[in-house]
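In: The following comprises the amino acid sequence and a computationally predicted model.
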Amino acid sequence: MSALRPTDAGLALLRVLWALGPGTIREVHRAWERERGTVAYTTALKLLQVMHDKGLVVRDTSRRSHVYAPAHDQQVVQGSLVTDLVNKAFGGSTVELVLRARSDRRIHADDPARIRALPDRLEEDPR
C-alpha cells in the first residue's frame, strides 16, 4: 500500500471519525467543531469529499444524508505516517526515531518498561 498522507486537517477529521464511527456530514462537523472550535460546515464537507477522492474515507450514499467512515483503521494510517517519517527523516532507522523522540520529550513513568518490551513485540510481529 502506498503511504497514506492526510493533511493536518484531514488527520483531525480522521481522528473524529475513528472516535465517532460512521457519521453524516452534520454529525462529523459537530464533533469536529467540539474538538477544534468553529469550522465552516462547507469546509468539513469539502474536506470529506477530497478525502473520499483520495481513498481516505468511504461514503455510503444509500441514504439521503451521506454517511462517511474512515477507509482505514487508525493503526494503518499511523503506521503509514510513521514509516514515511522514518524513511524520510531517519534513513529508515526506527532506532534513530526512538532516540530522537526520547531526547526531545519528557517521558512518562511507564515509558521505559514499554520501550524495553518493544523487542519482544517485534519478534511476535516482525512486519
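Out: Right, received. Where do you want to start?
In: Identify the residues contacting residue 59.
Out: 48, 52, 66, 67, 68 (Cβ atoms under 8 Å, 6 or more residues apart in numbering). To be clear about C-beta, it is placed using only N, CA and C from the backbone, and glycine gets the same treatment.
In: hey, where'd the strands end up in this protein?
Out: For the chain, the strands defined by DSSP state E occupy 23-24, 57-60, 67-70.
In: deepest of these, which one?
Out: strand 67-70 (a mean of 20; mean count of other Cβ atoms under 10 Å).
In: what's it in contact with?
Out: With Cβ under 8 Å, 6+ apart as the contact definition, strand 67-70 has outside contacts at 14, 17-18, 21-25, 28, 48, 52, 56-60, 77.
In: ok, the residue lying farthest from the centre of the chain to residue 10 distance?
Out: Within the chain, residue 64 marks the point farthest from the mean C-alpha position, 28.0 Å out by Cα atoms, centre = their mean. The spacing between residue 64 and residue 10, counted by Cβ to Cβ, to the nearest Å, is 25 Å.
In: what's the domain layout of the protein?
Out: Domain assignment for the chain by automatic domain parsing gives 8-70, 74-124.
In: Quick one, grab the pLDDT at the residue farthest from the centre of the chain.
Out: Note on residue 64: pLDDT of 89.
In: same thing with residue 78?
Out: 92.
In: Report how many residues lie close to it.
Out: Other residues lying near residue 78 total 14 when counted by other Cβ atoms under 10 Å.
In: What's the separation between it and residue 48?
Out: Applying Cβ to Cβ, the value for residue 78 to residue 48 is 20 Å.
In: Counting neighbours, what do you get for the closest residue to residue 35 other than its chain neighbours?
Out: Spatially, and ignoring its direct neighbours in sequence, residue 35 is nearest to residue 16 (6.3 Å; Cβ to Cβ, 6 or more residues apart in numbering). Residue 16 sits with 23 neighbouring residues when counted by other Cβ under 10 Å.
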